[in-house]
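Novice: structure for this input, please:
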Amino acid sequence: MHLRSSPVVLSFSLILVLSGCAFAPPQGAERDKTYRLTVLHTNDHHGHFWQNSDGEYGMAARKTVIDGVRKEVAAQGGQVLLLDGGDVNTGVPESDLQDAVPDFKGMNLLGYQAMAVGNHEFDKPLAVLKMQRDLAQFPMLSANIYDNGQRMFEAYKVFNLGGLRVGVMGLTTEDTRKLALPDNVAHLDFRNPITEAAKVVPELRAKADVVIAATHMGHYENGQHGNQAAGDVEMARAVPGIDLVVGGHTQNPACMKAENVLDRAYVPGAACQPDRQNGAWIVQAHEWGKYVGRADFEYHNGEFKLVSYALIPINLKKPVKSADGKTTLVPYTNPIPEHPDMLALLAPYQKFGQDKLAIQIGTTDARLEGDRSVVRSQPTNLGVLIGRAMMAKTGADLAIVNAGGVRDAMGAGVITYKDVLKVHPFGNTVCTVDLTGQELLDYLNAAARMAPGSGAFPQFAGVALHINAGVVSQVRIADQALLPGKTYRLAINNFQASGGDGYPKLSSHPGFVNTGFVDADVLRAFISKNSPLKAADFAPGSAVVRR
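Specialist: Numbers count the residues shown, from 1 in each chain. Modelled structure (predicted):
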């Protein structure tokens, strides 16, 4: 039977709405009532919407886990909050080709409630970021990014979770200015996130029972951030009043072995003790959706208590040797089935990407090293190969490649277009600059000062030199000593040329040319022309000597 409201009821309802009573926000948690809150979190997704070739991670298995936790928590009368620590973009060619549309659609289906803005959200022009913001059915939060004096994103969001008011604030690393393509962030102001947090937290405390910071700043052991911008530990120590930090950026499990001592040997499935600083718990779930972090809390009369914490591995596997010497991959924990709804959503995007990327372009007889832990700390054969490809395309005398622009290695055997795009996912262009010998020497000295372990660490090609305490000497190009008055052509990418990673800006130099050649296309052409590649031909040898 259909019931119609009487005019009296309608009028009374209208009075309540107009007076603000009908939708008045809750006044805070009830005294003597215990609230149960489970915070689920991920970070540094980097385009991994699909499982890898070994059947690890992927959003379909993630949905199975998250749906299961939601059902369990609801049955116990609790609430779930699903957050992400930023960097949805960049890392997997299938995603990069499609501007992370499958990833954001997958996050919608997973029911994310908020995410921090990461530095890689600025890898493409702002029009792409706007499209992603429009697509996301949840807020992208950052209190410290300003555009013409106004915050570019919402600083925070307050959620009413069963009567418990939970405020979530977003913060982004101050290093974004030097990590993003300068042209993409030229008019943006990345302010100190600690300063901004100190302003926002008191405001949020007045509106919420629990305050959470979703950050993309990094978790540095005991606050030792080196030449990187300050991270979560430093922020928590400086800003009181934060209950939980859901982090990202450094892409490590924030599991502690002891106070201020990170467990660098953490094994999937093992117990994980989160960091704690100045009353704030700090969590981070490694990267790529390898884990879903789960923090179970109880709130009672102002006390926010951590009941349990775990990193749930998403089908992560370990190599196990059998008696006959064969190695097989075995799951660390029980296998997680992929959710059919997520598979149905993402399968067309995966097929589209696979069709575009499966083209063979060459072969190599041995591994070309581009692993993050290696390429950012020492010369590698892939660094030399990339530099030589840039030199061959432009006629440059030498090339310098920032290690942060090299995102993956190439294994022995067949090389596909996908392999190239995994190495170069950013779509940077190759540039040349004609420099005098003295100008080049100055630039080489600047490159030599870039710290090992950072994305700025230089890979060289076409040049031999010695580096002692950040100063270069014995520079030789084409086996000839560098001459101060001679002109040399240097090849770099447009990110470096614009001052990215802290390199001297060369884009305004009179001898600067942006060729418009995309780095991935340049590398693909060089591999195709010179295959089969012999990895030994690109060995750095003793061309660069560090003392």
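Novice: shouldn't Ala208 be in contact with Met169?
Specialist: No. At 9.6 Å, Ala208 and Met169 do not qualify as touching, with contact defined as C-beta atoms under 8 Å. Just so you know, the C-beta spots here come from the backbone N, C-alpha and C atoms, and that holds for glycine as well.
Novice: which residue of these two possesses the greater neighbour count?
Specialist: Neighbour totals were compared for Ala208 and Met169, and Met169 leads with 30 against 23 (other C-beta atoms under 10 Å).
Novice: ok, the closest residue to Ile359 other than its chain neighbours - contacts?
Specialist: Computed as C-beta to C-beta, 6 or more residues apart in numbering, the closest residue to Ile359 that is not its neighbour in sequence is Tyr417, at 4.8 Å. By C-beta atoms under 8 Å, 6 or more residues apart in numbering, the contact set of Tyr417 is Pro93, Lys356, Leu357, Ala358, Ile359, Ile361, Arg524.
Novice: can you read off the backbone torsions of Leu444?
Specialist: Backbone torsions for Leu444, taken as degrees, to the nearest 10, come to phi -60, psi -40.
Novice: how near is it to Glu298?
Specialist: According to C-beta to C-beta, to the nearest Å, Leu444 and Glu298 sit 58 Å apart.
Novice: do the same with Phe526
Specialist: Separation of Phe526 from Glu298 (C-beta to C-beta) stands at 59 Å.
Novice: who's more crowded, the two?
Specialist: Using other C-beta under 10 Å as the criterion, Phe526 and Glu298 rank with Phe526 on top: 22 against 14.
Novice: ok so that one is a helix residue?
Specialist: Yes. Counting by DSSP: H, G, I helix; E, B strand; the rest coil, Phe526 is part of a helix.
Novice: and the pLDDT for the residue nearest to Ile359?
Specialist: On the pLDDT scale, Tyr417 is placed at 92.
Novice: any idea how far it is from Ala358?
Specialist: Taken as C-beta to C-beta, the span from Tyr417 to Ala358 is 8 Å.
Novice: which stretches of the stretch 101-250 of the chain form strands?
Specialist: Here the stretch 101-250 of the chain has its strands, by DSSP state E, counting those that start in this stretch, at 114-116, 140-141, 145-147, 150-151, 156-161, 164-172, 188-190, 210-216, 244-246.
Novice: of those, which is nearest Leu343?
Specialist: Taking C-beta to C-beta, strand 114-116 is the member of the strands of the stretch 101-250 of the chain nearest to Leu343, at 22.8 Å.
Novice: and the closest one, what other elements does it pack with?
Specialist: strand 79-84, strand 140-141, strand 164-172, strand 210-216 (3 or more C-beta pairs under 8 Å, 6 or more residues apart in numbering; DSSP states H and E).
Novice: packing partners of the longest one?
Specialist: Think strand 164-172. Using 3+ C-beta pairs under 8 Å, 6+ apart, strand 164-172 sits against strand 34-42, strand 79-84, strand 114-116, strand 140-141, strand 156-161, helix 193-205, strand 210-216.
Novice: now the third one: average pLDDT?
Specialist: Think strand 114-116. pLDDT averaged over strand 114-116 gives 98.
Novice: show me what it is in contact with.
Specialist: Outside strand 114-116, the residues that reach it (C-beta under 8 Å, 6+ apart) are 83-86, 88, 107, 136, 138-142, 157, 168, 170-172, 214-216, 246, 248.
Novice: that strand pairs with which strands, parallel or anti?
Specialist: Applying DSSP bridges to the sheet, strand 114-116 is found paired with strand 79-84 (parallel), strand 140-141 (parallel).
Novice: need the residues that contact the helix or strand hosting Val433.
Specialist: Using DSSP states H and E, Val433 sits within strand 429-436. By C-beta under 8 Å, 6+ apart, the residues outside strand 429-436 that reach it are 390, 393-394, 396, 443, 484-494, 497, 506-507, 509, 511-519, 522.
Novice: which of these fall in strands?
Specialist: 487-493, 512-518 (DSSP state E).
Novice: what about the stretch 101-250 of the chain, any weak spots by pLDDT?
Specialist: Within the stretch 101-250 of the chain, no range satisfies pLDDT under 70.
Novice: stretch 376-395: which residues count as buried?
Specialist: 376, 378-394 (16 or more other C-beta atoms under 10 Å).
Novice: give me the mean pLDDT for that stretch.
Specialist: Stretch 376-395 shows an average pLDDT of 96 in the prediction.
Novice: which residues in the stretch 1-150 of the chain form helices?
Specialist: Taking DSSP state H, counting those that start in this stretch as the criterion, the stretch 1-150 of the chain contains helices spanning 7-19, 59-75, 93-96, 101-110, 126-135.
Novice: distance between the third one and the chain's centre?
Specialist: In other words, helix 93-96. Centroid separation for helix 93-96 versus its chain: 14 Å, with C-alpha atoms, centre = their mean, to the nearest Å.
Novice: can you check the second one too?
Specialist: Distance, stretch centre to chain centre, for helix 59-75: 24 Å (C-alpha atoms, centre = their mean).
Novice: now the angle from that helix to strand 34-42?
Specialist: 180 degrees (axes from the mean of the first three to the mean of the last three C-alpha atoms, to 10 degrees).
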